[in-house]
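Chemist: Let's see this in three dimensions:
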Amino acid sequence: MAFRISTAFVIYAFITQLTLTIAAPAHSFYIRHEGHDDDKSSSSSNADIKKQNGLDAQKLNSQFATLKSTDSCQAGSMACVNNSFAQCVDGKWALSPCPSGLQCFALPLVNKQGTSLVCDTKEDALARITSSGATGG
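Modeler: Numbering: from 1, shown residues only. I've put the predicted structure just below:
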């Protein structure tokens, strides 16, 4: 009898954990892309890095605005295409839509050089880019 109760309890705990994992909020979805192609000296201030990250995010978002799901791409590349996260597989964009109410954006990292691709609201994305010191959206 004790074995049945223990087994039932373990199965119940597993199902509960699985349910919580599946039901996790979708707005936490994000993809990171870190680093710049530019070599920065170690003397750069954090404010300079944040601003450069913001400028890089703006540039990426501008480039992403012109991409189409039918455009060819280089294998392994990541981008935002049609407001969805996109990864290049065999020269074609494979789209993963953002959860309802969210769009894909390049956003500046805060503590080191680079950007991340994130599903976020347009308002929050704009606020995060603005807080980097970059102007113009």
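
Chemist: Could you double-check that Asp56 lies in contact with Leu109?
Modeler: No. In this structure Asp56 lies outside contact range of Leu109 using CB atoms under 8 Å: 9.4 Å. Every residue, glycine included, has its C-beta placed from N, CA and C.

Chemist: For the protein, which segments are assigned as strands?
Modeler: Secondary structure of the chain (DSSP state E): strands located at 30-34, 78-81, 84-89, 92-96, 103-108, 114-120.

Chemist: Paired strands for the fifth one, with orientation please.
Modeler: In its sheet, strand 103-108 lies beside strand 114-120 (antiparallel), with partners assigned from DSSP bridges.

Chemist: Run the angle between the partner strand and strand 84-89 for me.
Modeler: Relative orientation of strand 114-120 versus strand 84-89 (axes from the mean of the first three to the mean of the last three CA atoms, to 10 degrees): 120 degrees.

Chemist: quick check: angle from strand 114-120 to strand 92-96?
Modeler: Between the axes of strand 114-120 and strand 92-96, defined by the same axes, to 10 degrees, the angle is 50 degrees.

Chemist: Which residue comes closest to Trp93 once chain neighbours are left out?
Modeler: Closest residue to Trp93 in three dimensions, ignoring its sequence neighbours and counting by CB to CB, 6 or more residues apart in numbering: Ala86, at 4.4 Å.

Chemist: Could you do Leu102 as well?
Modeler: By the measure of CB to CB, 6+ apart, the closest residue to Leu102 outside its immediate chain neighbours is Cys119, 4.2 Å from it.

Chemist: quick one: the one you found and Ser131, what's the gap?
Modeler: Distance from Cys119 to Ser131, counting by CB to CB, to the nearest Å: 19 Å.

Chemist: The two - which one has more neighbours?
Modeler: For Cys119 versus Ser131, neighbours defined as other CB atoms under 10 Å are more numerous around Cys119 (24 against 12).

Chemist: beta partners of the more buried one?
Modeler: Applying DSSP bridges to Cys119, the residues it is bridged with are Cys104.

Chemist: That one and Phe85 touch, don't they?
Modeler: Yes. The pair Cys119 and Phe85 qualifies as a contact (CB under 8 Å) at a distance of 6.7 Å.
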